[in-house]
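>>> Predicted model follows, preceded by the sequence.
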Amino acid sequence: MADGLGDRKGRNPARRAERRARRAELRAVAAAEAASGTASGAAAGTAAVPAETPDETPAPARSEAPPAPRGVRPPAGRARPKRRHWGLLAAFFLMVVVPVAASAVYLWTRAADQYASTVGFTVRREEMASAVDILGGLSNLSGGGGSSDTDILYEFIQSQEMVAALDARLDLRRIYGRAWPDDPVFALDPDASLEALVRYWRRVVRVAYDSGSGLIELRVLAFTPGDAHAVATGILEESTRKINALSAQAREDAMRYAREELDQAVARLKAAREAMTAFRTRTQIVDPNADIQGQMGLLNTLQQQLAEAMIELDLMRDTVRAGDPRIARAERRIEVIRARIAEERRKFGVAGVAGDDGTGRDYAEILAEYERLSVDREFAEQAYKAALAAYDTARAEADRQSRYLATFVRPTLAQTAEYPARAMLVGLVALFSFLAWAVASLIFYSLRDRR
C-alpha cells in the first residue's frame, strides 16, 4: 500500500501541492486563533472594575485553555461506515453464509443416508518350476509375479467393463437411483448413460491400493445395507473371474510353448535316427566299434595261424628233403595267410570300405561319422526327454489354478449410515467459501488502492 501511495505522489504533483497549501492554511488559522485569544485576555485585565466593598469578595479568575501547538493537525472525526464496508458485509453474506446455510439445509433435510460395505483382497500366485529348472537345475524362471496382476485388477475395478458387468447382474441404475429425484446430488439419474454411470461409479466405489504389498481394499456406498453388500460381493466375484481368466490365458501360453518345444524335439530326434539308419544302410555296418573289434580278432587269428605255419615249415625243412611237395604246400599256405593279413590291414587304411559313389572309405572316416551321428542322436534324445518333462509339467500346472484371489476382508454388512459426512462437508463448504470471500476482498482493495 505504501508503494501505491508512493506511485500516487510521483504521478500527481498537483494534488501534493494542494495538500501542502491546505496544511499551511490550517497552520495560519491556528496561529490567528492563538493570537486572538492572547489579545482578549489582556483587554479583560486592563478594563475598569467596580470598587471592592468589604462584604464583597472578588470572583476567581477564569482559566483559559492553553493554545494549540503550532503545526499539529486537528483530530480526526468519528469513523462512519461507508458503502464499501456494506458491500463487504453483503459479499460475506452471499459468499459464505448463504452457501453454508444452503448446504446444511440440503444435507440434513434432503440428502439420503448412505451405507458402506468394505472388502479387501489380494492376488496370490503359486510358483511353478520351469522345464529348464526341472531338467538342468539352473534357476527358477517362473515369469511375472502377482504385483502386475494386482495392477491389472486395480484398473479393472474402475473400468467400464466392470461397471457394465455389474449393471447387467444387479441393475446399478435401480440401486443408485432409489433417492432420485429427492436427492439429485448424491443419487443417480435412472436414465443415465453408461458413461455417466461409470463417472458415478468412481464416486461411490473408493479403491485403496498398496503397490508395495499388493493389497486392495474397497469401500462401496449404497442407499441400503443390502445393496452395498451386494455390490461389494459382485465386485469380488467379477475380480475372481478376471483373475481366473488371466490364469487360464497364462496356462494356455505355457502349454503352447511346451507343445511347440516338444514338437521341435520330436522332429530333431526323428532326423537324427533317420541319419543313423541311412549310415548303416550305406556302410553295411551296424556298429563300427563292434566291426573294428571283429577285424582285430580276425587279424589276431591270422597272426597266430601265420606263426604256426612258419614253425611247421621250419620243422619240415629239418626233417624232409628239399624237393618234398609238403614244403611247397607249407610255403604256399604262409603266403596266403600273409596276403590275407595284408588285406585285412588295408581295411583300416585308405579304401577300407566302399562308399555310395564306389570309392573306398577308411575306418577313420567311418568311425568319425558314426560318432557325430551318435552325438546328434544322444542330444536329440536328451532334448526330447526335457521337452516331454516340460510338457508334462505344463499340463499338470494347467490342471490347477496358478493364480487365485485371496480375500482377507469379506464384504461387510453395515448397520448404521456413515455417509454422507454432513458435518465435514459443511465445514469444507464454510472453509472454501470463506477463503473465496477473503481472496475476493483482497483483490478488491488492491485494485482500489491502485486507482
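Yep, it's here. Residues are numbered from 1 along each chain as shown.
>>> So for stretch 217-228, what gets flagged as buried?
Within stretch 217-228, the residues scored as buried using 16 or more other CB atoms under 10 Å are 217-225, 227-228. In this view, the C-beta of every residue, glycine as well, is placed from N, C-alpha and C.
>>> what about stretch 367-387, average pLDDT?
Stretch 367-387 shows an average pLDDT of 86 in the prediction.
>>> Over to stretch 277-290?
76.
>>> and what of stretch 253-261?
Rounded mean pLDDT across stretch 253-261 is 82.
>>> How about stretch 305-314?
Stretch 305-314 comes out at a mean pLDDT of 83.
>>> CA atoms of that stretch as CSV?
Taking C-alpha atoms only, stretch 305-314 is exported to CSV below (Å, rounded to 0.1, in the frame of the first residue of the first chain):
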residue,chain,number,x,y,z
GLN,A,305,48.0,-119.1,-37.9
LEU,A,306,50.9,-117.4,-39.7
ALA,A,307,53.2,-118.2,-36.7
GLU,A,308,52.1,-121.8,-36.6
ALA,A,309,52.6,-122.2,-40.4
MET,A,310,56.1,-120.7,-40.2
ILE,A,311,57.0,-123.0,-37.3
GLU,A,312,55.7,-126.0,-39.2
LEU,A,313,57.7,-125.1,-42.3
ASP,A,314,60.9,-124.8,-40.2
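>>> gap between that stretch and the chain center?
93 Å (CA atoms, centre = their mean, to the nearest Å).
>>> What is the three-state secondary structure of V123?
strand (DSSP: H, G, I helix; E, B strand; the rest coil).
>>> Distance-wise, check it relative to Y154.
Counting by CB to CB, to the nearest Å, the gap from V123 to Y154 is 10 Å.
>>> of these two, who's got more company?
With neighbours defined as other CB atoms under 10 Å, V123 and Y154 compare such that V123 has more, 26 against 18.
>>> Please verify my assumption that the more buried one contacts S247.
No: applying CB atoms under 8 Å as the test, V123 and S247 come out as separate, 9.7 Å apart.
>>> anything in contact with each of these two?
403-404 (CB atoms under 8 Å, 6 or more residues apart in numbering).
>>> sorry, back to before: and which of the buried residues of stretch 217-228 is nearest F408?
Taking CB to CB as the measure, E217 is the one of those closest to F408, at 8.8 Å.
>>> Contacts only, for that closest one.
For E217, the contact set (CB under 8 Å, 6+ apart) comprises 118-120, 207-209, 409.
>>> In the protein, where's the longest helix?
helix 225-283 (DSSP state H).
>>> which helices and strands does that helix pack with?
Packed against helix 225-283 by the contact rule (3 or more CB pairs under 8 Å, 6 or more residues apart in numbering; DSSP states H and E) you find strand 115-125, helix 146-157, helix 160-170, helix 172-176, strand 215-222, helix 363-398, strand 403-409.
>>> how far is it from where the chain is centred?
Its chain's C-alpha centre and that of helix 225-283 lie 26 Å apart, by CA atoms, centre = their mean.
>>> List phi and psi for T416.
phi -130, psi 150 (degrees, to the nearest 10).
>>> how near is the closest residue to it other than its chain neighbours to A208?
For T416, ignoring the flanking residues on the chain, the nearest one in space by CB to CB, 6 or more residues apart in numbering is Y115 at 7.8 Å. According to CB to CB, Y115 stands 18 Å off from A208.
>>> ok, those two, which is more surrounded?
Neighbours were counted for Y115 and for A208 using other CB under 10 Å; Y115 has more, 22 against 12.
>>> gap between the more buried one and A414?
Distance of Y115 to A414, given as CB to CB: 4 Å.
>>> got it, and R282?
85 Å.
>>> Those two: who's more crowded?
A414 (20 against 15).
>>> So that one, which state does it fall into?
A414 - assigned by three-state DSSP - is coil.
>>> Dihedrals phi and psi, it?
Per-residue torsions, A414: phi -70, psi 150 (degrees, to the nearest 10).
>>> outside of stretch 321-330, which residues touch it?
With CB under 8 Å, 6+ apart as the criterion, stretch 321-330 contacts 309, 312-313, 316-317, 320.
>>> Give the PyMOL command for selecting the buried subset of the residues you listed.
Only the buried entries of those go into this PyMOL selection, using 16+ other CB under 10 Å:
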select buried, resi 309+313
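>>> any chance of the contacts of stretch 321-330 in a markdown table, with secondary structure too?
Shown next, in a markdown table, are the contacts of stretch 321-330 (three-state DSSP):
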| residue | secondary structure |
| --- | --- |
| A309 | helix |
| E312 | helix |
| L313 | helix |
| M316 | helix |
| R317 | helix |
| V320 | coil |
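>>> Closest one to T150 out of the contacts of stretch 321-330, please.
Closest to T150, out of all of the contacts of stretch 321-330 and judged by CB to CB, is A309, at 91.1 Å.
>>> what about that closest one, distance to R329?
Distance, A309 to R329, by CB to CB: 10 Å.
>>> same thing with A222?
120 Å.
>>> Next, count neighbours for the nearest residue to P420 once chain neighbours are set aside.
Leaving aside its sequence neighbours, P420 sits nearest to A111 (CB to CB, 6+ apart; 5.6 Å). Residues near A111, counting by other CB under 10 Å, number 20.
>>> residues contacting A111?
183, 185-186, 420, 422.
>>> Can you select the buried ones among those for me in ChimeraX?
Those of the contacts of A111 that count as buried under 16+ other CB under 10 Å are selected in ChimeraX with:
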select :183,186,420
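>>> Turn the contacts of A111 into a markdown table, columns for distance to V375 and pLDDT.
Putting those into a markdown table (distance: CB to CB, whole Å; pLDDT from 0 to 100) gives the following:
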| residue | distance to V375 | pLDDT |
| --- | --- | --- |
| D183 | 81 | 86 |
| V185 | 80 | 88 |
| F186 | 77 | 89 |
| P420 | 78 | 88 |
| R422 | 83 | 88 |
